[in-house]
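J.: structure for this input, please:
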Amino acid sequence: LKCQGATRPRLQRPSIMGKDWVPAESSGWMWAHHAIRADFEDTLIILARMRDAPKIEPWEIDELKLWFARVSENVHHHHDNEEKVFFPKIRERVALPERLTADHKTMLAALTEADAAVNAIRSQSDVSKAYTKVKAVQDMMLPHLKEEEDDTLPAMMKQFTPKDFAPIEQKMVKAMAWYELPHFYRRLEDDFAAKRSHGVGHLGIPGFVFGGPIKKNMDRYDVEYGWYVHELKDPALKPKYDNLRMQYHAKKRGCCG
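T.: Okay, here's the model as predicted:
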């Protein structure tokens, strides 16, 4: 199962310290935006199914809350990076509209309401309100992301070089929690080669790191977050993913069966 509306950009392999920017579609900023889009698309698909289903099980509510907490945290972290890291740097040479920061505050207030609505779900009758609140965030988020992509990102690429931002991006990657990079690449599903190509080629992550600890984190992410999306979209898949979780934990314990 793949995220609806989430396309796979053509991958580039430039050096992060290169003279020229990669195409905007391959930039880490754009990819972070695509991750947010995919999160809200998938969450609304899940909520709509739960709202319209003949019945839902308690595990669906529990997993939805865990999943949306990750979605919400990702949005907060992304906006923090923009406000505390990227925007101040860009404003050294570009006059950014104050509306961007105002939009962040408005969206985060709406996201707080969506968080509360999701966490308040106790039965199927509560799902409709959660859908409405999450949809309201998406309706504000999508035009905001597009404005940044149409205006802010091109201005950054025009006034700065990749070398100007390389230390910032590398510092951000190093500071990421174990689940953040796997979440960033979630929409690529099981295409590890595509994830590695972008991470090594654009983010400057050493290949042995991506193929070692980061690959392990991606496997762990599937168990603790990623597979929730699949089984919440189609509860008939839960036995399959429960079995895969058992295999994962058995392998970690060094068991053979």
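
J.: when you work out contacts or count neighbours from here on, use the C-alpha atoms and nothing else.
T.: Will do.

J.: mind telling me which residue is nearest the centre of the chain?
T.: Ala35 (3.7 Å; C-alpha atoms, centre = their mean).

J.: if I pick the closest residue to that one other than its chain neighbours, what's in contact with it?
T.: Leaving aside its chain neighbours, Ala35 sits nearest to Phe184 (5.8 Å; criterion: C-alpha to C-alpha, 6 or more residues apart in numbering). Residues near Phe184 by C-alpha atoms under 8 Å, 6 or more residues apart in numbering: Trp31, Ala32, Ala35.

J.: out of these, which sit inside helices?
T.: Applying DSSP state H to these, the entries found in helices are Trp31, Ala32, Ala35.

J.: was I right about the last one contacting Arg187?
T.: Yes: using C-alpha atoms under 8 Å, Ala35 is in contact with Arg187, at 6.7 Å.

J.: which SS class is Ile205?
T.: coil (DSSP: H, G, I helix; E, B strand; the rest coil).

J.: tell me the contacts of it?
T.: Here Ile205 is in contact with Gly199 (criterion: C-alpha under 8 Å, 6+ apart).

J.: could you do Ser128 as well?
T.: With C-alpha under 8 Å, 6+ apart, Ser128 has these contacts: Leu47, Ala48, Arg51.

J.: tell me how far Arg51 lies from Tyr131.
T.: Going from Arg51 to Tyr131 by C-alpha to C-alpha, to the nearest Å gives 8 Å.

J.: now do Ile90
T.: 35 Å.

J.: same check on His76?
T.: 20 Å.

J.: with neighbour numbers in mind, choose between the two.
T.: Each of His76 and Tyr131 has its neighbours counted (other C-alpha atoms under 10 Å); Tyr131 has more, 21 against 15.

J.: tell me, how many residues neighbour the nearest residue to the more buried one once chain neighbours are set aside?
T.: Distances taken as C-alpha to C-alpha, 6+ apart place Leu47 nearest to Tyr131, at 5.8 Å, with adjacent residues excluded. Neighbour count of Leu47, defined by other C-alpha under 10 Å: 24.

J.: which element is the closest residue to Tyr225 other than its chain neighbours on?
T.: Distance criterion C-alpha to C-alpha, 6+ apart; nearest residue to Tyr225, sequence neighbours excluded, is Trp67 at 6.2 Å. Assigned by DSSP states H and E, Trp67 belongs to helix 58-81.

J.: mean confidence for that helix?
T.: Mean per-residue pLDDT for helix 58-81: 97.

J.: repeat that for stretch 173-189.
T.: Per-residue scores along stretch 173-189 average to 92.

J.: now do stretch 24-35
T.: Per-residue scores along stretch 24-35 average to 91.

J.: quick one: buried residues of it?
T.: Residues of stretch 24-35 classed as buried: Glu25, Ser26, Ser27, Gly28, Trp29, Met30, Trp31, Ala32, His33, His34, Ala35 (neighbour count, 16 or more other C-alpha atoms under 10 Å).
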